[in-house]
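requesting a structural model of the entry that follows:
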Amino acid sequence: MLSRLKTVLNSLLLLTLLLPTWAWSQGLRFTTLDIGQGDSAVLIAPGGCVALFDGGPTGSGTTIKAYLKALGVTRIDMAFVSHMHADHMGGIDEVDVGTNAIPIDAVYDHGGTYNSTAYDEYVSHFSGRRATATRGQTLSLCGQVTLTVVAVNGNGVASTDENTKSVTVKVSYGAFDALVGGDLTGTPDVESTILNTVGELELYKVHHHGSRSSSNDSLLDVTNPTVSFISVGKDNTYGHPTPECLDRLTAHNSAIWQTEDPATNSKRGHIELSSPDGNTFVVAQGTRSVGYTSKGATPPGPDTQAPTAPGALVASAVSSTEVDLSWNASTDNVGVTGYRVYRSTNGSGYSLAGTSTSTGFADLGLTPGTPYAYQVTAVDAAGNESTPSSASTRTPAPGITLTSPNGGESWAGGSARAITWTAQDISNVKLEYSLDNGATWRVIASSVAASTGSYTWTVVNSATTAARVRATDAFGSASDLSNGTFTITAVATPAKVILNEILANEPGALTDGEFVELVNVGGVAIDISGWVVLDATSVRHTFPAGTVLGAGKALVVFGGASGIPTGTPGAVVASTGTLSLNNGGDTVTVKTSSAKSATTIDSFTYGSSLAGQDGVSMNRGPDASATGGFVLHTGLSSLSASPGERVNGTAF
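Numbering: from 1, shown residues only. Okay, the predicted model is just below:
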């Protein structure tokens, strides 16, 4: 709704100053919408709170949303469903759905059940938000407009007619009063039961589209409405509005406005009423506009009364560059039109930070680590400004503190340990470890949500007394590392050979550059004499006798000698003179021999997505992890490949 623009994305809140102010300067707004043969009306308080009366027939949601969106309405505080006929409630759920939805906080109806598809959809959609209206119940919009339920479920009149159950609401704003009652009937006579609580009216939202069985003389004699709005379809088959109803309204000198005219088969459009203070009001429809004076209006004169100060002002730093303010609504003899927000960084010399028509404001683009003081005042249509309410807060500076490991710990290689931290105004954290007191760093996780505060690390199985862990903002703005070194004890584990890196798409057209990297991630060396490397077709390499792969070491089989980069450790040439790895997809397998009964040590089938870039290999992520999946090497480091070395180019 207009009073809750703060619920829109924070990035739009700075536009508050640019929003049109005409809706607020006009005070109250009541519109009977032209939705054909049905009923829907909108009430907007001066402070922007919104009530919807009925939702018209199915398909009306588009019209209702278009009208509200044009006024800047983004939320509806409450909606009243007068009764369960489809022409009054068929479209109300449509308002609350879709990418252009206008959420409805609560709906009030007469309770009970009804046998129709429209009713079933309504009940299902508003489950948890539906409430039963009660006679005498009083509700408020922005503390400025009072809504009183004067009829519900026939007020004791016995009838099975659904129309008699219509929820009927009296709207009061200063000297202005209106009655909205759906299809409330005069036969059976429920209208007479509300006479003692209604009194004279400025606006009568005509019951039942102007049927002959509503708007009885007994009601009109008491209410004597200045204007009467009729929601009616130009091509309806009910004869609405009936001559009898029109004659009764005319006899009571009520100005008749209707959305459509069956007599001329024409659409007249929305009927819009606006009142700045309740003393006067204007009704407009198309190019026609008529001004009226409310019964009992106070004599016009200068408004010199200032609103009350905003209550319970709270300033909350939600990030290093944003402070959100909230407060309780002010009250005024006529109505609050908006609020002014002033800011200071030293407690004096306040300057205007912005204005708001709601009870909230987001102050954006602030400086991290800075104290801010705020004053908020309320303003009315005459320009009277309240005394200020004050609050202060400090924007936090982005930061991260590593809490574990923080020095002195002893962790066993291969164990699962929690790396923990606290963070302020940081979205993601990069985690790294060092085995040489920070001389070199290796990635544990490139991006972890900072809000989790914890990451489970499978400790590398490398003995050292100089281990450290570092946590860094993924964007590099803040960093912290272990206060001291900690110990990692290596645990002897059986030899385990894995396929760690595969380059199927050789640089350029040099197929000799294809390679398969094996890594022993276990804790002891292993003799791999006679082991074979195969593609999907046949054996491409057999390891000769005496080949031993050390613990934590790598061997790389290249397609040909000319493809081996100078200085590549552990490199050998495929014994068949080729690896024949296909760029479009292939399977690489390591077995203990070429025999059919041989044991498969490791195997990986890749697709074109991992072999589609010249010179870019596929690598385990994390590097040298028996459980890690294969990803493009460039997703792990700046290198396109690292045969015989770790993913960052350091030695195994």
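
below-threshold pLDDT in the stretch 151-300 of the chain: ranges please.
Filtered on pLDDT under 70, the stretch 151-300 of the chain yields the residue ranges 298-300.

relative to its centre, which residue of the chain is most distant?
A545 (63.7 Å; CA atoms, centre = their mean).

in space, what's closest to that residue - neighbours in sequence excluded?
Nearest residue to A545 in three dimensions, chain neighbours excluded: S529, at 4.6 Å (CB to CB, 6 or more residues apart in numbering). (C-beta placed from N, C-alpha, C; glycine too.)

quick one: S451 is in a helix?
Yes. Assessed by DSSP: H, G, I helix; E, B strand; the rest coil, S451 belongs to a helix.

tell me how many other residues surround it.
S451 has 10 neighbours, counted by other CB atoms under 10 Å.

from what I see, S454 and R417 are in contact.
No. Between S454 and R417 there is no contact under CB atoms under 8 Å: 10.5 Å.

what mean pLDDT does stretch 627-640 have?
Confidence over stretch 627-640, taken as the mean pLDDT, stands at 95.

now stretch 606-624
Mean pLDDT, stretch 606-624: 95.

tell me how far it lies from the chain's centre.
36 Å (CA atoms, centre = their mean, to the nearest Å).

cool, and stretch 327-343?
For stretch 327-343, the separation from the chain centroid amounts to 28 Å (computed by CA atoms, centre = their mean).

my read is R248 is in a helix, agree?
Yes. The assignment for R248 is a helix, going by three-state DSSP.

wait, it touches S215, no?
Yes. Using CB under 8 Å, R248 is in contact with S215, at 5.8 Å.

now for the residue nearest to A545: which residues touch it?
S529 makes contact with F543, P544, A545, G546, T547, according to CB atoms under 8 Å, 6 or more residues apart in numbering.

looking at S454 and R417, which is more packed in?
Legend: neighbour count by other CB under 10 Å for S454 and R417, higher for R417 (18 against 12).

what bridges to the more buried one?
Going by DSSP bridges, R417 is paired in beta bridges with W457.

hang on, it packs against V459?
Yes. Using CB under 8 Å, R417 is in contact with V459, at 5.5 Å.

tell me, what's touching those two both at once?
With CB under 8 Å, 6+ apart, R417 and V459 have common neighbours W411.

can you tell me the helix or strand for S124?
helix 117-125 (DSSP states H and E).

and that helix, how far from the chain's centre?
25 Å.

could you list the buried residues of it?
Burial within helix 117-125, assessed by neighbour count using 16 or more other CB atoms under 10 Å, is assigned to A118, Y119, E121, Y122, V123, H125.

ok, and what's touching stretch 321-328?
Contact with stretch 321-328 is made by 6, 10, 310-318, 339, 341, 359-368, 372, 374, 376, 389, 391, 393, 395, as judged by CB under 8 Å, 6+ apart.

quick one, which of R248 and S215 is more surrounded?
Between R248 and S215, S215 has the larger neighbour count (other CB under 10 Å), namely 31 against 22.

so the more buried one sits against H209, correct?
No. S215 is beyond contact range of H209, at 10.3 Å (criterion: CB under 8 Å).

residues making contact with stretch 313-320?
323-327, 366, 368-369, 372, 374, 376, 389-398, 424-425.

one step back: pull up the pairing partners for whichever helix or strand comes after the helix holding S124, direction included.
Toward the C-terminus, helix 117-125 is succeeded by strand 130-132 as the next helix or strand (DSSP H and E). The strands beside strand 130-132 in its sheet (DSSP bridges) come out as strand 107-109 (parallel).

ok, the residue nearest to S356 when sequence neighbours are not counted - contacts?
Nearest-residue entry for S356: Y339, 4.9 Å, with adjacent residues in sequence omitted and distances by CB to CB, 6+ apart. By CB under 8 Å, 6+ apart, Y339 lies in contact with 310, 327, 330, 355-359, 361, 376-379.

same check on A297?
A175, G278, N279, T280.

and it, how far is that from D277?
Between A297 and D277 the computed distance is 9 Å (CB to CB, to the nearest Å).

check A133 too.
From A133 across to D277, the span is 28 Å (CB to CB).

looking at these two, which one has more neighbours?
Shown here are A133 and D277; by other CB under 10 Å, D277 has more neighbours (25 against 22).

scan the contacts of S529 and report the most crowded one.
Ranking those using other CB under 10 Å puts F543 first, with 21 neighbours.

residues touching the nearest residue to S192 once chain neighbours are set aside, list them.
Among residues not flanking S192 along the chain, S218 sits closest, at 5.2 Å (CB to CB, 6+ apart). S218 makes contact with G186, D189, E191, S192, L195, according to CB under 8 Å, 6+ apart.

any idea how far the strand or helix carrying S218 is from the chain center?
For S218, the enclosing helix or strand under DSSP H and E is helix 217-223. Centre-to-centre, helix 217-223 and its host chain are 49 Å apart (CA atoms, centre = their mean).

can you tell me the strand partners of the helix or strand where L555 lies and which way each runs?
Assigned by DSSP H and E, L555 falls within strand 554-558. In the sheet, strand 554-558 lines up against strand 515-520 (antiparallel), strand 571-573 (parallel) (DSSP bridges).

and the first one, what's its mean pLDDT?
Right, the one you point to is strand 515-520. Averaging pLDDT along strand 515-520 gives 97.

can you list contacts of it?
495-503, 526, 528, 533, 541, 549-559, 563, 571, 579, 581, 588, 590, 617, 624, 643-644, 652.

please pick the buried ones from these.
495-503, 526, 528, 533, 541, 549, 551-559, 563, 571, 579, 581, 588, 590, 617, 624, 643-644, 652.

out of those, which sit inside strands?
Among these, the members found in strands (DSSP state E) are 497-503, 526, 533, 541, 549, 554-558, 571, 588, 590.
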